[in-house]
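Q: sequence and predicted structure are below.
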Amino acid sequence: MRLVFAYLSVFIIQANIAQTLNSLKLEYPKDDVVTLALTRHLDITESRGKLNITETFTKKDFYLTSNRLSYANESIDYDSFESIEQVNAYTSSIANGKTTKQFVKEFEDKDVLIRGIFFNDRKKKSFSFPNVTKGSTTFLEYKKKIKDPHFLPSFVIGKSFPIKSVELSVSFPNTVKVAYSTFNLDSVDVDFKTSKTDKHTTYKWILRSVPKINRNYDFNPIYYLPQVFIRIESYNYKGKEKSVLSNPKDLYLWYNSLIKDINKTDQTELETLTHRLIKGLKSDEEKIKAIYYFIQNEINYIAFEDGLNGFIPRDAKNIYTNKYGDCKDMANILNEMLKYAGITSYLTWIGTRNRPFTYSELPTPMVDNHMITTVKLNDEYLFLDATAKYLGFGYPSPFIQGKEALIGISDSEYKIIKVPEIDPEKNVTTIHSNLQIEDKALLGYHEAEFTGFEKLNMLHKLQRKDDDDLDFLQSALKFGKKRTKISEIAYQNLKLINDTLQIAFNSKTYDYVKEIDNLIYLKPHLDYNLKSEVVKAEKKKFDKKIEHKFQKNFITTIKIPENLKINSLPKDVTFENPQFNFKITYALSGQNTIVINKQIMVNTLKVSVVKMDKWNKFIKGLNKVSKHSIILEKQ
């Protein structure tokens, strides 16, 4: 009887596993792994005026197939504001009707390397779940101690595979005031409830059926993923209220407390240098430019993220001596030198366009990730970012356009000002081309000019190019085709103080002049800007990101040989839309010269989903008319 019962038990267990597997496969037919349950709980307590904060994390993954066993290699991320404790991880499998647990025995702490950052304090505890295969379940549980109440963990929910159930919660004594900000929760099925006793309060969110991260986002995924951010506003100790992060003012006061002791060493050398740089300069603008361009040229940008040192600028004189610094260092030395020049300037915190939050929505360090210097000149705020090597004076960095800047006016006063979006008329590429026909080839002499962000982009491309790369301009300008040869390139005004960069070059293009039935067909448009910018169907559900507004002008003059005459010119074409448009005109100048004016303008930093069809129509229309031919005939 016992043997029969044992066989029956094995059969029931195997049947249940098979049923679970089949049920999940029906629910997630295209996935290899699913997170069955994810919980993250913050526990906040207060003892003798100090806050103690612990996060408890648990996760249960089920492997539907053996196709993605690489997901069994996991890690727990942390930094100097956190410590990892009590890690428990194991694989659960069914073999011969028995459930076995194989525990992870080896954990390795590693530095996290982040592209573009020279040094940071981020680490990860890496490990691998043992013997994972189809039908396996992996379990992970750990506790994380939070050392600073300004840096509570972010509950950003999204993975490379779907999540069946998520529970997020925070518990705290009623002497502590806790607030929360939520984003994109309307994209999932969610329940929220509050539990309160005489001494404690708990907030809890339950999310169901969270889809895997969509790889078709143009903006940072944080624009779309479900998120809950917890922050401690204040807490009461012995009848006194201690503020933490209740509003933007608290955030600013904390930021300001971190920088109150900077530049305490002897700065005489830096002050002397400043006076030498501005000697003979009369206007404030001239002085600001001289110092700004000096920092851009002489101080190398190297990113550091090291605990609170990631928030505190290094000593200005030491930055000058070492000739390098990160964003806050370069903002600090620029601010300090402007002070010596008699220019009122301000250290400024700001988030890049990768952070979609405002200071009122989320008054925590999550809202910003960058520091610059702000001056007020002619009643206008100028946002100076010396980390952008080739950025022209008066322009903010492209990646902070439209973002809120937290400007530190004094120890207690600040302003929040939105950075302007630079108009397309200030970011212009203009190419003047003189073309002529020679032996069925199209010869050209071209002069290109770049201003604003168009100049910035080209200078960055020039910095990265190989010295002998003759095909560079073709790809950088999106000008010329496969059968175009570019030669005799000349660069002018490469220095930052020049507002306009100039590049002259010659070209020879084959197959753009063809003879068919005694008629000569000439394709005059050598540029292929925006050709590949049609948004594909799978991406049309999300906004399209534009790095900066711009205008591109192509003025093309074509000299017709004396043995040919014009049979017909293409019709003028216009595509009108306030956010993106183009216009192409054809005109005769004398008997044998054709002048083509082509203008393309993009006047937005984002193409919204509702405008996507119009955008595609714009691109397709531009591509179509750029293929039009001029028809010539022999005379």
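A: That came in fine, so what should we check first?
Q: only C-alpha atoms for contact and neighbour calcs from this point on.
A: Fine.
Q: what about this protein, any weak spots by pLDDT?
A: 1-19, 96, 114-120, 306-307, 467-470, 496-497 (pLDDT under 70).
Q: now with 80?
A: By pLDDT under 80, the low-scoring segments of the chain are 1-21, 95-97, 112-121, 304-310, 465-471, 481-482, 493-498, 635.
Q: in stretch 251-267, which residues are buried?
A: Of all the residues in stretch 251-267, those buried under the rule 16 or more other CA atoms under 10 Å are 251-253, 255-256, 259, 263, 267.
Q: next one: it to chain centre, how far?
A: How far stretch 251-267 lies from its chain's middle: 28 Å, per CA atoms, centre = their mean, to the nearest Å.
Q: start at 841 instead
A: Let's use 841 as the start, then, which means that last one is stretch 1091-1107.
Q: just the CA trace of that stretch, in CSV.
A: Provided in CSV are the C-alpha atoms of stretch 1091-1107 (Å, rounded to 0.1, in the frame of the first residue of the first chain):
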residue,chain,number,x,y,z
LEU,A,1091,16.1,69.0,-1.7
TYR,A,1092,17.9,72.3,-2.3
LEU,A,1093,18.8,72.9,1.3
TRP,A,1094,20.3,69.4,1.4
TYR,A,1095,22.2,69.9,-1.8
ASN,A,1096,23.5,73.3,-0.6
SER,A,1097,24.6,71.7,2.7
LEU,A,1098,26.9,69.4,0.6
ILE,A,1099,28.7,72.3,-1.1
LYS,A,1100,29.0,74.8,1.8
ASP,A,1101,32.6,73.8,2.5
ILE,A,1102,34.0,73.7,-1.1
ASN,A,1103,36.9,75.9,-2.3
LYS,A,1104,38.3,76.5,1.2
THR,A,1105,42.0,76.2,0.1
ASP,A,1106,44.0,79.1,-1.2
GLN,A,1107,42.5,80.1,-4.6
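Q: got the contact list for it?
A: Contact partners of stretch 1091-1107, identified using CA atoms under 8 Å, 6 or more residues apart in numbering, comprise 1084-1085, 1151-1157, 1203-1205, 1246, 1248, 1251-1252, 1254.
Q: swap in 10 Å and give it another go.
A: With contact meaning CA atoms under 10 Å, 6 or more residues apart in numbering, stretch 1091-1107 is reached by 990, 1083-1085, 1088-1090, 1148-1149, 1151-1158, 1172-1173, 1176-1177, 1180, 1187, 1189, 1199, 1202-1205, 1246-1248, 1250-1255.
Q: what bridges to the residue lying closest to Thr977 once chain neighbours are set aside?
A: Nearest residue to Thr977 in three dimensions, chain neighbours excluded: Phe902, at 4.5 Å (CA to CA, 6 or more residues apart in numbering). Bridge pairing for Phe902 (DSSP bridges) gives the partners Val874, Thr977.
Q: tell me how far Phe902 lies from Asn1432.
A: Computed as CA to CA, to the nearest Å, the Phe902 to Asn1432 distance reads 74 Å.
Q: more neighbours: which of these two?
A: Using other CA atoms under 10 Å as the criterion, Phe902 and Asn1432 rank with Phe902 on top: 23 against 14.
Q: OK, contacts around the more buried one?
A: 861, 864, 872-877, 931-932, 972-979.
Q: same check on Lys899?
A: Counting by CA under 10 Å, 6+ apart, the residues that Lys899 touches are 875-880, 929, 978-982, 1006.
Q: swap in 7 Å and give it another go.
A: If you count contacts by CA atoms under 7 Å, 6 or more residues apart in numbering, Lys899 has them with 877-879, 979-981.
Q: check Leu953 too.
A: By CA under 7 Å, 6+ apart, Leu953 has no neighbours at all.
Q: where's it, which helix or strand?
A: Under the criterion of DSSP states H and E, Leu953 resides outside all helices and strands.
Q: try Lys1295
A: Assigned by DSSP H and E, Lys1295 belongs to helix 1292-1304.
Q: next one: Ile1356 relative to Lys1322, how far apart?
A: For Ile1356, the distance to Lys1322 - CA to CA - is 22 Å.
Q: show me which of the two is the more surrounded one.
A: Neighbour totals were compared for Ile1356 and Lys1322, and Lys1322 leads with 11 against 7 (other CA under 10 Å).
Q: once you drop chain neighbours, what's closest to the residue most central in space within the chain?
A: By CA atoms, centre = their mean, the chain has its centre lying nearest to Asn1194, at 4.0 Å. Nearest in space to Asn1194, with sequence neighbours left out and distances taken as CA to CA, 6+ apart, is Asn1060 at 5.7 Å.
Q: next up, the contacts around Ser1049.
A: Each residue near Ser1049 by CA under 7 Å, 6+ apart is listed here: 1003-1005, 1028.
Q: looking at the residues you listed, which is nearest Phe1394?
A: Val1028 (47.7 Å; CA to CA).
Q: number of residues surrounding that closest one?
A: Neighbour tally, Val1028, other CA under 10 Å: 14.
Q: before we move on, what about Phe1390?
A: 25.
Q: same check on Ser1408?
A: Neighbour count for Ser1408, taken as other CA under 10 Å: 11.
Q: same thing with Phe1422?
A: 21.
Q: secondary structure class for the closest residue to it other than its chain neighbours?
A: Once flanking residues are discounted, Phe1422 sits nearest to Ile1440: 4.4 Å by CA to CA, 6+ apart. Classification of Ile1440 by DSSP: H, G, I helix; E, B strand; the rest coil places it in strand.
Q: circling back: quick check on the residue nearest to the centre of the chain: phi, psi?
A: For Asn1194, the backbone dihedrals are phi -80, psi -10 (criterion: degrees, to the nearest 10).
Q: so how far is His1210 from it?
A: 11 Å.
Q: what does Gly1292 give?
A: In terms of CA to CA, Gly1292 sits 21 Å off from His1210.
Q: how about Glu1073?
A: Relative to His1210, and taking CA to CA, Glu1073 is found at 23 Å.
Q: likewise for Gly1284?
A: Going from Gly1284 to His1210 by CA to CA gives 44 Å.
Q: pick out whichever of these two has more residues nearby.
A: Remark: of Gly1284 and His1210, Gly1284 carries more neighbours, 21 against 18, as counted by other CA under 10 Å.
Q: which residues are in contact with the closest residue to that one other than its chain neighbours?
A: Leaving aside its chain neighbours, Gly1284 sits nearest to Leu1275 (4.4 Å; criterion: CA to CA, 6+ apart). Residues near Leu1275 by CA under 7 Å, 6+ apart: 1282-1285, 1397-1399.
Q: got it, and Asp919?
A: Asp919 is in contact with 961-963, counting by CA under 7 Å, 6+ apart.
Q: count of neighbours near the closest residue to it other than its chain neighbours?
A: Distance criterion CA to CA, 6+ apart; nearest residue to Asp919, sequence neighbours excluded, is Arg962 at 4.4 Å. When counting by other CA under 10 Å, one arrives at 19 neighbours for Arg962.
Q: same thing with Glu886?
A: Glu886 has 16 neighbouring residues, counting by other CA under 10 Å.
Q: confirm it sits in a helix?
A: No. The assignment for Glu886, made by three-state DSSP, is strand rather than a helix.
Q: wait, it touches Thr894, no?
A: No. The criterion here is CA atoms under 7 Å, and Glu886 misses it with Thr894 at 11.8 Å.
Q: ok so, going back, what are the bridge partners for the residue nearest to Phe1422, then?
A: Counting by DSSP bridges, the residues bridging with Ile1440 are Lys1392, Phe1422.
Q: so what's it up against?
A: 1391-1393, 1421-1423.
Q: 8 Å - rerun?
A: Ile1440 sits in contact with 1391-1393, 1420-1423, where contact means CA under 8 Å, 6+ apart.
Q: could you work out the most separated pair of the residues you listed?
A: Maximum pairwise distance among those (CA to CA): 14.0 Å, between Asn1393 and Phe1420.
Q: right, I'll leave it there.
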